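# compute the structure for the input listed below.
(one chain, ligands or ions: 4)
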Amino acid sequence: QAKLLGRNRYHLFDTAQEKAHKVLQRQLAAIKQALERDEFCLYYQPKVDMQSSQVFGMEALIRWNHPTNGVLLPAAFLHYLAGSELEVVLDAWVIENALKQISLWNQAGLKLQVSINIAPNQLKAARFFSNLRDSLKRHASVDPGQFQIEVLESGVLDDQPTVCQAIQHCRDQLGIGIALDDFGTGYSSLSHLRHLPIHTIKIDQSFVRNMIKDANDCAIVEGVVSLAKAFKLEVIAEGVETEQHKAALLDLGCFRGQGYGIARPMPAEKVQAWVRGYQF
Ligand code: C2E
Ligand code: MG
Ligand code: MG
Ligand code: MG
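Ligands and ions are numbered 1, 2, ... in the order given. Below you'll find the model as predicted:
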């Protein structure tokens, strides 16, 4: 009886696993095809100085123009890529397209600092570095200082020495900037942060969202801002949705912000007109 149950259970487990595996394979094939058919695109969300209303940069965020399901957000498909060979291909695509866009904006007289998002485990891959270097060479009119890579704070912690080395590599050999994304959710220790070769801290939107009604979250934002100052890092708040958020952040000396209250991510074609018309 027990044997029978056990076998049945194994059997169930196997089919569930098989199913998941099939779903994954199907999704990866679909993503591969979408790359070939050029269905991915980058949206850009402005990063601004909220005090002077100056637009200093954009964050590139991937979208999938799905033929039947509309515009898909990264949460709908990126997780399938984790650890796969295709992830390297997609990252290379993002890098190449963002650099192409920067050089187009440069030609149009619009100088912006553009950041892209990269999964921390990808930073360590040799192919990642060579892809990045080759793309930067192809777009020599782009000043490497205009280009920034955002990595999740939590991911940098997972494998500190190697990721740290990869970041240093990008900074020292290529001259590009590095930002710690979703900062405050990964529990970096202060001593650790001090040794990371980064330029920018992005305060996670959860703290910004709650800082109006929650004194603790407000204290966290204040703490991160003074930390950034002490370490001479740039700091930018994510998730600025309202005038109240903006006012509270300015109060704490956090001048840079990004969020729906400033602008939602938009297709590249809309950026120039938006920058011209920007008034918070
Ligand atoms: P992230 O890098 O932290 O990007 C910010 C996310 O918050 C974006 O979601 C953005 O649209 C959204 N957001 C911006 N302002 C506000 C706001 O005021 N309120 C709220 N509620 N949300 C706001 P999105 O585009 O869906 O991207 C989600 C995540 O997917 C990104 O988080 C990033 O980690 C990842 N991601 C996006 N594009 C790429 C990519 O090209 N490559 C990789 N590896 N990851 C990407
Ligand atoms: Mg980001
Ligand atoms: Mg973020
Ligand atoms: Mg995030």
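# next one: the residue nearest to Gly177 when sequence neighbours are not counted from Leu28, what distance?
Leaving aside its chain neighbours, Gly177 sits nearest to Gln148 (3.9 Å; criterion: Cβ to Cβ, 6 or more residues apart in numbering). C-betas here are computed from N, CA, C, even on glycine. Counting by Cβ to Cβ, to the nearest Å, the separation of Gln148 from Leu28 is 28 Å.
# please apply the same query to Gly145.
35 Å.
# check Ile236 too.
33 Å.
# so for those two, which residue has more residues nearby?
Ile236 (26 against 17; other Cβ atoms under 10 Å).
# spell out which parts of the stretch 101-250 of the chain neighbour ligand 1.
Ile116, Asn117, Ile118, Ala119, Glu150, Asp181, Asp182, Gln205, Glu238, Gly239, Val240, Glu241 (Cβ under 6 Å from any ligand atom).
# check what pLDDT the third one gets.
Looking at Ile118, its pLDDT is 94.
# check the last one too.
Listed pLDDT for Glu241 reads 97.
# and for it, the neighbour number?
Neighbours of Glu241 (other Cβ under 10 Å): 14.
# doesn't it fall inside a helix?
No: looking at Glu241 with DSSP: H, G, I helix; E, B strand; the rest coil, it is coil, so not inside a helix.
# which SS class is the nearest residue in space to it that is not next to it in sequence?
Nearest residue to Glu241, sequence neighbours excluded (Cβ to Cβ, 6+ apart): Gly261, at 4.5 Å. State at Gly261, reduced to three classes by three-state DSSP: coil.
# what secondary structure does Gly155 sit in?
Following three-state DSSP, the label given to Gly155 is helix.
# interface residues of this protein facing ligand 3?
Within the chain, the positions adjacent to ligand 3 are Asp181, Asp182, Glu238 by Cβ under 5 Å from the ion.
# which helices and strands does the helix or strand where the first one lies pack with?
Of the helices and strands defined by DSSP states H and E, Asp181 is found in strand 177-183. When contacts are defined as 3 or more Cβ pairs under 8 Å, 6 or more residues apart in numbering; DSSP states H and E, strand 177-183 sits against strand 113-117, strand 147-152, helix 153-158, strand 200-203.
# give me the distance from the helix or strand just after it to the chain's centre.
As assigned by DSSP H and E, the chain's next helix or strand after strand 177-183 is helix 190-195. Relative to the mean C-alpha coordinate of its chain, helix 190-195 is positioned 21 Å out (Cα atoms, centre = their mean, to the nearest Å).
# same question, stretch 165-173
For stretch 165-173, the separation from the chain centroid amounts to 18 Å (computed by Cα atoms, centre = their mean).
# just for the stretch 51-200 of the chain, where's the confidence low?
For the stretch 51-200 of the chain, applying pLDDT under 70 flags the ranges 159.
# re earlier: could you export the residues of the chain next to ligand 3 to CSV, including columns for neighbour count?
Output for those, formatted as CSV (neighbours: other Cβ atoms under 10 Å):
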residue, neighbour count
Asp181, 26
Asp182, 19
Glu238, 21
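# between the residues you listed, which sits nearest Tyr278?
Nearest to Tyr278 among the residues of the chain next to ligand 3 is Glu238, at 18.1 Å by Cβ to Cβ.
# for that closest one, give me its contacts.
Glu238 is in contact with Asp182, Lys202, Ile203, Asp204, Gln205, Val208, Gly257, Gln258, Gly259, counting by Cβ atoms under 8 Å, 6 or more residues apart in numbering.
# phi, psi of the closest residue in space to it that isn't next to it in sequence?
Spatial nearest neighbour of Glu238, excluding adjacent residues (Cβ to Cβ, 6+ apart): Gln205 at 4.3 Å. When read as degrees, to the nearest 10, the backbone of Gln205 gives phi -60, psi -20.
# could you measure from Gln205 over to Gln45?
Going from Gln205 to Gln45 by Cβ to Cβ gives 12 Å.
# likewise for Glu87?
Taken as Cβ to Cβ, the span from Glu87 to Gln45 is 22 Å.
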